[in-house]
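**Student:** Okay, predicted coordinates and the sequence, questions at the end:
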Amino acid sequence: MIFVRVGKPGAAADGPVQSMDGEEVRIGRGKGCALRLMHPDVRFVHATMREAGRGVVIDAEPGAVLGRAGAPVQSAVLARPGDETWIGPFRLTLAEPAGGATLDVTQEGAAAEDEAALARRAFAMFDSRLPNVRLWGFLSVCAILLVFFAAPLSLHPGRAGIGRNAADASVAPSLLRSTQLRVVGLWNVGVVSDAHASFGANCAHCHQTPFIPTTSRACLTCHVQTGQHADPVRAPKADISGQRCETCHHEHKGAVMGTADRQSDCAACHRNIKSYAPSTTLRNVVDFGRDHPQFRPALVQDAALHMTKRYAFADVQGPDIDALDHSNVKFTHATHLKLEKVKADMKADGCGLCHVAAPGGVTFKPVSFETSCLSCHTLQFEPNHPEWRLPHGHPEEVVSRVSGFYAQAALAGETAMDPPTDLFARPGVPRKLPAPTGQNLVSLEVAQAMVSSIARSSCGECHTVLPPEAGQPATAWTIPQVWLPDRYLPSARFSHAAHATSTCQTCHAANTSDGGPLALLPGIATCRTCHAGEGGAPQRVSSTCVLCHVFHDDRLPLWNKPHE
Amino acid sequence: MPASLESTATIHRSFLFWGGGFYARVSAVLCVACVVLYWLVRPPGPPNGGSFTGYTLGTLALGLVLWLGWFGLRRRRYGGGERLDEVLSAHVYLGLAVALVALLHCGFRVHCNVHSLALLLLLGVVGSGIFGAAAFWSIPPRMTGNRAGMTLGTMSAELATIALRCRALSLSFPDDIVTLVARTTSPGGEAGRLGDMLGGRRNRLRQLNLAAIAQVQDELLRGRDVTPAEVLPLVQSLTQHLTLVERLTSDQRYRRMLLLWRAIHVPMTVALLAALAIHVLVVFYDW
């Protein structure tokens, strides 16, 4: 029999004495235990206890331990009064025997975790606090100042050495340099245009003085040939010398420069052009689609001097075109395009048979006699001797060539013939051979007659030919120089390449044109079938003035007085 | 307006409706004016900050940002000639407007530079502000309903009481139940995990509590030496514990939503002011 006295938590073992019978007494929390110690640190069945003389022996169950934390034991023998062991927070002390072994059980400390402490832990666990926003703000500012201010400033081309001159821009790219450019680029307000990309990384190239807007002096480093917009004498109000380039041309706006190119910018003066340039022949215009004047083609005034003169469009479409045009060449598309041989030749290349685009595609290469005319216009003058031809482009040699032929014929004993009048029929027309006269006569007179006939019919077929002046030899025919201009509308810049997706006949009525080359020239109505003014129109291309007209005219005085 | 607010509409009026939405209208007019300016006065090339329109919009945006930032100082002091809810109403609506003004200023173009950094920071500040306004609009009614008249302190104290009761009741159960209940009722026992900070704790605590309830109930089925009279009080206490834990985690979530947007809004505003200072300086340095 073991006697047990259990005390309240933290108090002495002053409870009622319980007597426990049996070979072994079980200790634990469970209902099957004789000594129940209710604490989480005590197992369901923690240990067994048996009487041994005047003491007790306590054995822990497998997995459970006795003793204080840090000094666990599996078994404890309490032999003399005062001997003790621990089960969880419970101290088991052997007391003076009172009718048998007596055990005092006391609980150290509080019954369990302090409720207030538990509440504090719960509060801390479910509380919420704002992060240290001042710290984060301070760190953000430091990072931004370092990366976006200090770093670019220290590497800025105006400060550091990189990219200070144009030569630096050609330095082979290295990791260091590309990093520098990238860091400096953090200040770049936008992409530099393609035209200026070669020195675009060098800020100081244009931004020469900090906090001072870019001056035109920087632009003039390269753009020395920039012309005025109008003659500053005739139109002093249109004198742009002294203006800043930046007024109209804006950099850092992407691959293409931002340029003041709106119709309203031009119409500001051109809606009433006489008030800006009283002596001008220009007419007022605001919008291409609405009030642009009809084109005024430039016809050749003097082919030798390459002089042209502007005419009203209606004039060049009329029958008097030959009287106006002094290009000294006679040609009609309609006549040629009807010929079977021409039609056959054009099957492959079309108009490209004669008209080959010049490099750049804006205009066409000059039509060459050798490549475009010679196959039909063979310049033969003696049917029996097709190997003899007139020398094209060298009229001064015609007389000697013809004389030479007849001299050779005389030496060879050939029978001469009367100079035929229909020998030089047009190509494609069946040729009637002349009948031999039977006269052995090769004389200078014949040659002279031949030359006159050739000049009138063979050369005169295509060229303006002038008869010998009074007192000159009968063979002194002259052919004035031929000159055709690149463009008949010199104030506009029309690019054939930009319209290459259309057929030639879309704009040029070649098949029906018999009024000379200028009859092919399309008028403004043709352009307006696709183009409208800047405001646009349904299914029309919105077209500003600078689509066709250039602002800076390189034929005018230079714009050479930069704004300071 | 949320249903819980309707009954108290006469005594509580959201700052969003100050003056019958006066600043909402002011902001709308400002936005329309800026869009009209942007549309009508176009520079050569793409719209940009360096044109007349760009400088005008940029100056306006800068002024607005400085005024909006002043709210951070204004809200910390009492008094003043204007009511705080008036200033807050203006702060919210003009804050929305400044995002549009800044986008028009830059012509909706973004590059890798300090100028676009300022724009992105501005959009971040406005975005977090929108979240904050939405949070202050929708969360307080839900938070009040969730708390049911209690505070964080009283809920924590009650949780501690219930936890101790659960632990005491569990002592007559086998060891595994005692361990499970101790884990369930030990707040912060497994805190500090990343998932916990991202909201996983609510789910984990709930699962633990549900598992404890289920296992205590299973004790009866498993034929252990427990009686329904022992099981029932513990299940009831654990259920109360679960209810309170859910309430506390919801409350914490609400408070975090009311707090954390400011953790972005305020530092980003400070960063924005730094970026704007560099932006203005640099633009005129390389003019």
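**Tutor:** Right, received. Where do you want to start?

**Student:** So, low pLDDT: which residues of chain B?
**Tutor:** B:1-13, B:79-82, B:187-201 (pLDDT under 70).

**Student:** show me where it has helices.
**Tutor:** Secondary structure of chain B (DSSP state H): helices at B:3-6, B:22-40, B:52-74, B:84-105, B:114-147, B:152-170, B:175-184, B:194-195, B:201-221, B:228-285.

**Student:** Any chance of CSV for those, columns distance to A:Val362 and mean neighbour count?
**Tutor:** (Each C-beta comes from the backbone N, C-alpha and C, glycine too.) Conversion of those to CSV gives the following (distance: least, Cβ to Cβ, whole Å; neighbours: other Cβ atoms under 10 Å in any protein chain shown):
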stretch, distance to A:Val362, mean neighbour count
helix B:3-6, 73, 11
helix B:22-40, 36, 15
helix B:52-74, 36, 17
helix B:84-105, 40, 21
helix B:114-147, 40, 19
helix B:152-170, 81, 20
helix B:175-184, 87, 19
helix B:194-195, 68, 8
helix B:201-221, 74, 17
helix B:228-285, 40, 19
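
**Student:** Those helices into a markdown table, with extra columns for distance to chain A?
**Tutor:** Shown next, in a markdown table, are these (distance: least, Cβ to the nearest Cβ, whole Å):
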| stretch | distance to chain A |
| --- | --- |
| helix B:3-6 | 22 |
| helix B:22-40 | 12 |
| helix B:52-74 | 10 |
| helix B:84-105 | 12 |
| helix B:114-147 | 4 |
| helix B:152-170 | 4 |
| helix B:175-184 | 5 |
| helix B:194-195 | 15 |
| helix B:201-221 | 9 |
| helix B:228-285 | 3 |
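
**Student:** Quick check: residues of the stretch 51-200 of chain A near chain B?
**Tutor:** A:112-113, A:115-116, A:118-131, A:133, A:136-141, A:144-145, A:148-149, A:152, A:158, A:185-191 (Cβ under 8 Å from any Cβ of the partner chain).

**Student:** now with 6 Å?
**Tutor:** Counting by Cβ under 6 Å from any Cβ of the partner chain, the residues of the stretch 51-200 of chain A close to chain B are A:115, A:118-119, A:121-123, A:125-126, A:128, A:130-131, A:133, A:136-137, A:140-141, A:144, A:148-149, A:186-189.

**Student:** can you tell me the helix or strand for A:Gln225?
**Tutor:** Assessed by DSSP states H and E, A:Gln225 sits outside every helix and strand.

**Student:** Report how many residues lie close to it.
**Tutor:** By other Cβ atoms under 10 Å in any protein chain shown, 10 other residues sit near A:Gln225.

**Student:** Relative to A:Asp239, how far out is it?
**Tutor:** 18 Å (Cβ to Cβ, to the nearest Å).

**Student:** So which of the residues of the stretch 51-200 of chain A next to chain B belong to strands?
**Tutor:** Assigned to strands by DSSP state E, none of these qualify.

**Student:** List only buried entries from those residues.
**Tutor:** Neighbour counting with 16 or more other Cβ atoms under 10 Å in any protein chain shown marks A:118-119, A:121-123, A:125-126, A:133, A:136-137, A:140-141, A:144, A:148-149, A:186-189 as buried within those.

**Student:** from those, which ones fall inside helices?
**Tutor:** Per DSSP H, these map to helices at A:118-119, A:121-123, A:125-126, A:133, A:136-137, A:140-141, A:144.

**Student:** can you put these in TSV and add distance to A:Phe551 and pLDDT?
**Tutor:** Below are those laid out as TSV (distance: Cβ to Cβ, whole Å; pLDDT from 0 to 100):
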residue	distance to A:Phe551	pLDDT
A:Leu118	85	85
A:Ala119	83	89
A:Arg121	80	85
A:Ala122	79	85
A:Phe123	77	87
A:Met125	75	82
A:Phe126	73	84
A:Val133	55	86
A:Trp136	53	91
A:Gly137	51	92
A:Ser140	48	93
A:Val141	47	94
A:Ile144	43	93
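
**Student:** could I get the residues you listed as TSV with distance to A:Thr308?
**Tutor:** Shown next, in TSV, are these (distance: Cβ to Cβ, whole Å):
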residue	distance to A:Thr308
A:Leu118	105
A:Ala119	104
A:Arg121	101
A:Ala122	100
A:Phe123	98
A:Met125	95
A:Phe126	93
A:Val133	77
A:Trp136	75
A:Gly137	73
A:Ser140	69
A:Val141	69
A:Ile144	64
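
**Student:** quick one: stretch A:257-266 near chain B?
**Tutor:** Yes: for stretch A:257-266 and chain B, the contact criterion (Cβ under 6 Å from any Cβ) is met by A:Gly258, A:Thr259, A:Ala260.

**Student:** Highest neighbour count among these?
**Tutor:** A:Gly258 (22 neighbours).

**Student:** Please work out how many residues are found near the nearest residue to that residue once chain neighbours are set aside.
**Tutor:** Using Cβ to Cβ, 6 or more residues apart in numbering or on different chains and skipping residues adjacent in sequence, the residue nearest A:Gly258 is B:Gly45, 2.1 Å away. By the criterion of other Cβ under 10 Å, B:Gly45 has 23 neighbours.

**Student:** Contact partners for B:Gly45?
**Tutor:** By Cβ atoms under 6 Å, 6 or more residues apart in numbering or on different chains, the residues touching B:Gly45 are A:His250, A:Lys253, A:Gly258.

**Student:** 10 Å - rerun?
**Tutor:** Counting by Cβ atoms under 10 Å, 6 or more residues apart in numbering or on different chains, B:Gly45 touches A:190, A:193, A:249-254, A:256-261, B:51, B:107.

**Student:** likewise A:Val4?
**Tutor:** Taking Cβ under 10 Å, 6+ apart, one finds A:13, A:15-20, A:25, A:27, A:34-35, A:49, A:56, A:92, A:95, A:101-105 in contact with A:Val4.

**Student:** which SSE is it in?
**Tutor:** strand A:2-9.

**Student:** to the chain's geometric centre, what's the distance from that strand?
**Tutor:** 95 Å (Cα atoms, centre = their mean, to the nearest Å).

**Student:** quick one: average pLDDT of it?
**Tutor:** Mean pLDDT, strand A:2-9: 82.

**Student:** What residues sit buried inside it?
**Tutor:** For strand A:2-9, by 16+ other Cβ under 10 Å, it's A:Ile2, A:Phe3, A:Val4, A:Arg5, A:Val6, A:Gly7.

**Student:** same check, this time on stretch A:230-250
**Tutor:** Buried, per 16+ other Cβ under 10 Å, within stretch A:230-250: A:Ala230, A:Asp231, A:Pro232, A:Ala235, A:Ala238, A:Asp239, A:Ile240, A:Cys245, A:Glu246, A:Cys248, A:His249, A:His250.

**Student:** Kindly indicate whether the third one is helix, strand or coil.
**Tutor:** Assigned state for A:Pro232: coil (three-state reduction, DSSP: H, G, I helix; E, B strand; the rest coil).

**Student:** How about chain B: which residue is closest to chain A?
**Tutor:** Residue nearest to chain A within chain B: B:Gly45 (2.1 Å; Cβ to the nearest Cβ).

**Student:** How much space separates that residue from B:Gly153?
**Tutor:** 63 Å.

**Student:** What is the neighbour count of the closest residue to A:Gln263 other than its chain neighbours?
**Tutor:** In space, and not counting its chain neighbours, A:Gln263 is closest to A:Glu534: 3.8 Å by Cβ to Cβ, 6+ apart. Per other Cβ under 10 Å, the neighbour tally for A:Glu534 reads 19.

**Student:** now the one 10 residues further on
**Tutor:** Here the count is done by other Cβ under 10 Å, and A:Thr544 has 17 residues near it.
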